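Asker: fold the following, please.
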Amino acid sequence: FDPLLIESKAAATAVLMLSSPEEEVLAKACDALYKFASKGDENKVTLLGLGALEHLNRLLSHGNPAVRRNAVMVLGLMASQHDVKKSLKELDVTNSLIARLAPEEDAVVHEFATLCLAHMAVEYTTKERIFEQGGLEPLIRLLGSPDPDVKKNSVECIYLLVQDFQSRAAVGALNAIPPLLELLNSEYPVIQLLALKTLELISKDAENRKTLGENKGLDCLLKILETSELSDLHVEALAVLGNCLEDVHTLQLIQQTEGLKKLLSLVAVSGVPGLQENAAKAITKAAYDSENRKILHEEEVEKCLLNLLEVENAGVQVAASQAISAMCENSASKRLLGLQGIPQLVQLLSSDNEEVKEAAVTALANLTAGSPSNASAVAEAGGIEPLVNTLGAGRCGAVANAAAALCSLAVREPSRVAIQGLGVMGALAEPLRRCTDSRVQSRAAFAVAAFACDADARTELRNAGGLGPLVELLHSKDKEVRRNACWAVMVCASDEPTAVELCRLGALDILEEINLSIELKNNFSEAAVEKLFQNNLPQKYSQMGYLSSSDIITDGFYDCGQTKRGVKFLSLEELSMQELSDRRAVICINAQPPEDNSANNMQKYLVLFQSCSRGEGTRFIFRTHCAVIFHSKKRRKGKGKKEEEKSKEVAQIASQVQEETDGENAPWPPPLDLILLGYIKDASKSILPLRSTREQVVALAQFVAGKMGGPIERHRLHDFSWELHLSEIQFELKCNVVPIGRVQKGTFYHRALLFKVIADRIGIASSLVRGEYNRAWNEVKLVEDSPQGIDGLLLPPRDYIVDLMFEPGFLIKQGSAEADQYKFI
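Answerer: Numbers count the residues shown, from 1 in each chain. This next block holds a predicted model:
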């Protein structure tokens with residue numbers, strides 16, 4: 001067949017020619033397609049649409065060298081386009097490209113094959129495929145190619161591959177470090193830069209760092225840093241050196257050759273932010289080792305870091321602050337950095353850059369941890385207010401470290417007062433609510449525990465709504481968060497209002513559930529339960545059925561009977577709002593008149609009290625929105641006109657007090673019990689003067705029994721109609737809450753409660769125990785008299801149960817048959 005010359009101006013024709021069996025036609029078609037693709041990405045997309053990639057992929061393995069060369073040139077050129085790159089990955093051309101890296105191939109083939117691989121290695125899946133197909137070894141071999149384009153493409157591809165840790169570890173085994181170091185001497189800056197970036201990645205591996213040192217890589221890096229003509233490579237060279245400084249041996253070697261001193265001097269005089277930032281990062285990496293910190297301190301690295309804090313560059317300030325945080329592990333560095341660096345770090349807390357603020361507050365947290373002198377320096381530098389403000393920062397790390405720093409400052413009383421004065425509890429409530437980061441939750445809870453020792457701080461947290469989120473942290477699965485939350489709850493439960501609110505929010509139920517688990521419970525969870533009960537005696541007595549002699553009953557206490565676990569414990573106000581029912585009456589204690597500075601109102605209460613204490617006969621009409629008022633009972637026949645007028649006066653004064661109390665927008669007060677107030681006054685006068693505790697206990701028992709219906713014969717106990725009496729009072733008051741002074745016929749639990757109340761007021765140590773079937777009793781400890789004939793012998797105290805029902809004042813030895821009979825029969 002005679003030769004046929006064809007002239008075509010359509011790319012589609014050239015693509016069709018790729019199917020020709022003639023080698024010369026294939027070579028010329030590929031050459032034409034290369035020229036077409038080099039004119040722009042649109043032409044590359046056109047060739048993709050014409051199906052050129054499938055033909056070119058097949059031609060990569062053609063027997064003719066010219067065809068292979070021209071085909072790989074087209075693919076290498078087209079691979080820069082995104083859609084082409086995606087199609088090449090689907091065709092799995094990497095194996096054919098790696099085959100073209102063989103030593104016998106032409107340099108042009110090497111150039112474009114490595115170029116194509118470099119374009120494709122940007123994606124992770126392709127990196128993995130190149131590694132698995134053995135592409136790393138021929139790429140490392142080509143680093144020694146005489147062609148600079150082959151070197152550039154090869155090192156770029158290796159740089160992309162070693163971003164994956166598998167390739168990073170394999171590079172050392174394939175002896176890639178010597179040829180990479182050789183590339184640092186290249187006359188082409190782009191090759192030097194790619195070599196340094198590759199060394200930075202592979203030097204993250206300890207074995208590679210060792211190999212780098214063995215091949216005098218440190219000398220090469222220091223030489224670059226000392227050469228001003230190579231200043232464009234200083235940042236990357238320092239990044240490689242920073243990885244090497246993690247090893248103690250390497251740092252010692254650099255110190256011995258005075259390389260470290262030169263490095264710090266270079267950083268001091270350099271005005272390149274990138275270099276300064278990488279220098280600080282290198283110090284941070286090195287400072288993670290204790291031996292390295294000693295070496296860095298010997299070289300006075302602190303001066304360098306303090307100078308870097310003054311650089312007006314966010315990246316440099318962040319890196320310097322992080323390095324200071326790392327160096328704080330060395331006590332000498334901590335003192336030095338604290339003396340000179342704290343004012344600068346405090347200033348950085350006001351930065352608009354959130355990352356700078358986080359790094360600065362982290363450094364302050366580390367500087368003040370366990371260092372009272374540094375904590376004082378922060379306060380003196382005006383750091384308290386910025387730290388409190390940082391609790392509202394957007395970055396979790398900043399909030400967590402601000403809380404930690406404030407806790408360190410709170411060790412000193414003046415600082416703690418200043419911090420509380422800036423509303424730290426209200427500021428802590430916000431991160432407790434919104435942050436889900438365990439570091440923030442843990443340190444915020446710890447800060448609450450540190451500051452909640454003050455009553456005003458607890459009130460502030462309660463008013464800011466911080467108790468609810470704190471209770472929620474008790475559910476945390478993080479051990480430290482849960483522990484610190486238990487600690488905070490324990491401290492917050494130091495006063496009655498906060499303890500009651502915590503119980504209302506479910507803290508007690510959660511803590512009891514935690515304490516049932518061996519894995520979840522901790523010392524603070526058990527202590528928190530005790531503290532909650534200690535400052536919420538109504539709930540303690542209701543659930544535990546026991547009040548010890550150290551549990552002092554105060555005004556506001558109430559006995560609503562025994563409640564089961566899991567059942568909501570209602571407040572006295574909630575109980576008072578319930579409709580009248582046939583349920584057990586709630587017995588309340590309140591002998592404290594409402595606070596009122598008015599002399600007129602004080603005089604009115606005095607009249608009421610005197611009337612009550614004279615026994616002129618009064619009764620309570622309980623209102624759910626106020627305390628109580630008194631008016632006279634049914635008067636006996638033949639009562640004198642003066643007594644009648646006096647009773648009317650008492651009722652009129654009580655009504656006026658009632659109206660004035662109603663008009664105030666004050667919190668709901670418990671019902672006032674002036675009868676109980678009279679009991680306490682009478683008991684104080686008659687019982688306190690008695691010489692011995694035994695006599696006081698007996699006298700108080702007889703006093704209580706006398707106020708509650710007197711002694712009852714054991715066989716007539718069932719005839720003692722105390723239930724009817726209580727029902728009448730409830731009906732009369734139109735309420736289930738009954739002041740204890742109104743109970744004139746009281747059974748075991750009424751008398752035991754009244755005994756405990758008065759005993760606590762006059763200083764007699766006694767406990768209150770709830771039994772079954774409306775039983776309750778008081779236990780006291782009394783010292784026995786010395787046996788006859790033996791003077792001065794001090795016997796240990798013994799426990800007695802005080803009889804308040806059958807023989808008031810009789811003391812029953814605990815553990816005896818009589819004691820069991822009193823409790824249960």
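Asker: which other helices and strands contact the lengthiest strand in the chain?
Answerer: Longest strand in the chain by number of residues (criterion: DSSP state E): strand 776-783. When contacts are defined as 3 or more Cβ pairs under 8 Å, 6 or more residues apart in numbering; DSSP states H and E, strand 776-783 sits against helix 693-707, helix 748-762, strand 767-770, strand 797-802. Any C-beta I mention is one placed from the backbone N, CA and C, and that applies to glycine too.
Asker: now with 10 Å?
Answerer: Applying 3 or more Cβ pairs under 10 Å, 6 or more residues apart in numbering; DSSP states H and E, we find strand 776-783 packed against helix 693-707, helix 748-762, strand 767-770, strand 797-802, strand 811-813, helix 817-824.
Asker: how far does that strand sit from its chain's centre?
Answerer: 46 Å (Cα atoms, centre = their mean, to the nearest Å).
Asker: stretch 809-821 too?
Answerer: Going by Cα atoms, centre = their mean, where stretch 809-821 is centred and where its chain is centred differ by 53 Å.
Asker: contacts for it, please.
Answerer: Stretch 809-821 is contacted from outside by 694-695, 697-705, 711, 714, 777, 779-782, 798-804, 806, 822-823, using Cβ atoms under 10 Å, 6 or more residues apart in numbering.
Asker: what strands line up against the longest strand of the chain, and which way round?
Answerer: Strand 776-783 has these partner strands in its sheet, going by DSSP bridges: strand 767-770 (antiparallel), strand 797-802 (antiparallel).
Asker: so can I have JSON lines of these showing distance to residue 478 and mean neighbour count?
Answerer: JSON lines is the format used below for the strands paired with strand 776-783 (distance: least, Cβ to Cβ, whole Å; neighbours: other Cβ atoms under 10 Å):
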{"stretch": "strand 767-770", "distance to residue 478": "38", "mean neighbour count": "21"}
{"stretch": "strand 797-802", "distance to residue 478": "45", "mean neighbour count": "18"}
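Asker: okay, helices next: where are they in the stretch 501-650 of the chain?
Answerer: Under the criterion DSSP state H, counting those that start in this stretch, the stretch 501-650 of the chain contains helices at 507-515, 523-534, 537-544, 572-577, 599-613, 641-663.
Asker: near residue 403, how many other residues are there?
Answerer: When neighbours are defined as other Cβ atoms under 10 Å, residue 403 has 28 of them.
Asker: which residues are in contact with it?
Answerer: Going by Cβ under 10 Å, 6+ apart, the list of residues near residue 403 reads 361, 365, 387, 390-391, 424, 427-428, 431, 439-440, 442-448, 450.
Asker: just checking, which helix or strand succeeds the stretch of helix or strand it belongs to along the chain?
Answerer: Using DSSP states H and E, residue 403 falls within helix 396-409. Counting by DSSP H and E, the next helix or strand C-terminal to helix 396-409 is helix 413-421.
Asker: who are the packing partners of the helix or strand following that next one?
Answerer: Going down the chain from helix 413-421, the next helix or strand is helix 424-434, by DSSP H and E. Helix 424-434 sits against helix 384-390, helix 396-409, helix 413-421, helix 438-451, helix 455-463, helix 467-472, helix 479-492, with contacts defined as 3+ Cβ pairs under 10 Å, 6+ apart.
Asker: to residue 177, which of the ones you listed lies closest?
Answerer: Nearest to residue 177, of all the helices and strands packed on helix 424-434, is helix 396-409, at 36.0 Å by Cβ to Cβ.
Asker: just the angle for the closest one relative to helix 424-434, thanks.
Answerer: Put simply, helix 396-409 runs at 150 degrees to helix 424-434, going by axes from the mean of the first three to the mean of the last three Cα atoms, to 10 degrees.
Asker: what sits against residue 497?
Answerer: 455, 458-459, 462, 535-536.
Asker: re the thing from before, among the contacts of residue 403, name the buried ones.
Answerer: Buried subset of the contacts of residue 403 (neighbour count, 16 or more other Cβ atoms under 10 Å): 361, 365, 387, 390-391, 424, 427-428, 431, 439-440, 442-448, 450.
Asker: re the thing from before, just the buried members of the contacts of residue 497?
Answerer: 458, 462, 535-536.
Asker: can you redo the residues you listed as a markdown table with pLDDT and distance to residue 30?
Answerer: Converted to a markdown table, these look like this (pLDDT from 0 to 100; distance: Cβ to Cβ, whole Å):
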| residue | pLDDT | distance to residue 30 |
| --- | --- | --- |
| 458 | 92 | 83 |
| 462 | 92 | 81 |
| 535 | 89 | 89 |
| 536 | 90 | 88 |
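Asker: I'd like those residues as JSON lines, with distance to residue 484 appended.
Answerer: Compiled in JSON lines, the buried ones among the contacts of residue 497 are given as follows (distance: Cβ to Cβ, whole Å):
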{"residue": "458", "distance to residue 484": "17"}
{"residue": "462", "distance to residue 484": "19"}
{"residue": "535", "distance to residue 484": "20"}
{"residue": "536", "distance to residue 484": "22"}
